[in-house]
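Participant: no sequence on hand, only this structure:
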């Protein structure tokens, strides 16, 4: 991962989760990270501009994303409507984080073109690839972000 | 006076969160209409009156930049104020949008009071 992008991701991610959904995060030590049996939900978003291109990916525990959706919508976590918005909420979280990461990394002068967030197939989850990512414990649930930039 | 606002965003979650923000900000809303992209927004705008449009930039089919351009090129829509609410923070892009005549810009995630201030500023000056 580009070190500038990685630094920006570290600075921005925790803040955006707090501002967008009142979700608080801590670093997740390697010993507490899930293994290949984990059943997360994932999403990816591509960007290009300023002679850069790449993507931001996230894999998150489903319970964390349910909290994300319910907090964004002001609903109880057991409200069926929260469950209906899990995938969309994760994609929008990725959108908000990437938009803010790009200006954190390269300033406000460049114009970046963001794609449309897409869900990842669960079969693509790979703990070895994710080992290089930013691991967080969000309200006690594991989440990992990393950039291919 | 109550406002009719058209929200344009491909994320239903964001549209619902925005509607919640309108409520939290105690804005005098007559109706909040929703569209999932610029094309659907244009269909709505050509069929009924709205006081203001709030649009995202990155959407399938027709994005916010194209929506703003289409509205400004249409004599019947060109005076409707449009504000952009997006994750993008490029000053270059914001200046480009301002040059096209948008009424304001907010960056996601935004607070209910930011939305309230934007609507008050825009509709207070335009109505």
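Facilitator: Done, it's in. Only a predicted model underlies this, so the values are computations on that prediction, with no experimental measurement involved.
Participant: that's a strand at residue B:50, yeah?
Facilitator: No - using DSSP: H, G, I helix; E, B strand; the rest coil, the secondary structure at residue B:50 is coil, not a strand.
Participant: ok, and the closest non-adjacent residue to it?
Facilitator: Excluding the flanking residues, the one nearest residue B:50 by CB to CB, 6 or more residues apart in numbering or on different chains is residue B:6, at 4.5 Å. (C-beta placed from N, C-alpha, C; glycine too.)
Participant: so how far is residue B:34 from that neighbour?
Facilitator: Distance of residue B:6 to residue B:34, given as CB to CB, to the nearest Å: 8 Å.
Participant: and the residue of chain A found nearest chain B, which helix or strand is it part of?
Facilitator: Relative to chain B, the nearest point of chain A is residue A:99 (2.8 Å; CB to the nearest CB). For residue A:99, the host element (DSSP states H and E) is helix A:86-106.
Participant: quick one: distance of that helix to the chain centre.
Facilitator: Relative to the chain's own centre, helix A:86-106 is displaced by 7 Å; criterion: CA atoms, centre = their mean, to the nearest Å.
Participant: residues contacting the residue of chain B most remote from its centre?
Facilitator: For chain B, the largest distance from the centre (CA atoms, centre = their mean) belongs to residue B:92, which lies 19.4 Å off. Going by CB atoms under 8 Å, 6 or more residues apart in numbering or on different chains, residue B:92 touches A:108, A:109, A:110, A:111.
Participant: swap in residue A:137?
Facilitator: Contacts of residue A:137 (CB under 8 Å, 6+ apart): A:25, A:26, A:27, A:28, A:32, A:143.
Participant: pull the most distant pair out of those residues.
Facilitator: Within these, A:25 and A:32 form the most distant pair, 13.3 Å apart (CB to CB).
Participant: which residue of those two possesses the greater neighbour count?
Facilitator: More crowded of residue A:25 and residue A:32, by other CB atoms under 10 Å in any protein chain shown: residue A:25, with 19 against 10.
Participant: tell me the pLDDT at the closest residue to that one other than its chain neighbours?
Facilitator: Computed as CB to CB, 6+ apart, the closest residue to residue A:25 that is not its neighbour in sequence is residue A:136, at 4.3 Å. Reported pLDDT at residue A:136 in the predicted model: 96.
Participant: distance between the one helix or strand residue A:136 maps to and the chain's centre?
Facilitator: Using DSSP H and E, residue A:136 sits within strand A:134-138. Put simply, strand A:134-138 sits 9 Å off its chain's centre (CA atoms, centre = their mean).
Participant: beyond it, next helix or strand please.
Facilitator: Assignment by DSSP H and E places the next element after strand A:134-138 at strand A:141-148.
Participant: counting by contacts, list what that following strand packs against.
Facilitator: Using 3 or more CB pairs under 8 Å, 6 or more residues apart in numbering or on different chains; DSSP states H and E, the elements in contact with strand A:141-148 are helix A:3-21, strand A:52-60, helix A:62-73, helix A:127-130, strand A:134-138.
Participant: mean pLDDT for the ones you listed: which is lowest?
Facilitator: Mean pLDDT across the helices and strands packed on strand A:141-148 is lowest at helix A:127-130; the value there is a mean of 87.
Participant: more neighbours: residue B:6 and residue B:34, which one.
Facilitator: Just comparing residue B:6 and residue B:34: by other CB under 10 Å the higher neighbour count belongs to residue B:6, 22 against 17.
Participant: up against chain A, what does chain B have?
Facilitator: B:10-14, B:16-17, B:20, B:58-60, B:86-93, B:107-109 (CB under 8 Å from any CB of the partner chain).
Participant: sheet-wise, list the partners of the strand holding residue A:136 with their directions.
Facilitator: Applying DSSP bridges, strand A:134-138 is found paired with strand A:25-27 (antiparallel), strand A:141-148 (antiparallel).
Participant: most tightly packed of the ones you listed?
Facilitator: Sort the strands paired with strand A:134-138 by mean neighbour count, taking mean count of other CB atoms under 10 Å in any protein chain shown, and strand A:141-148 sits at the top with a mean of 22.
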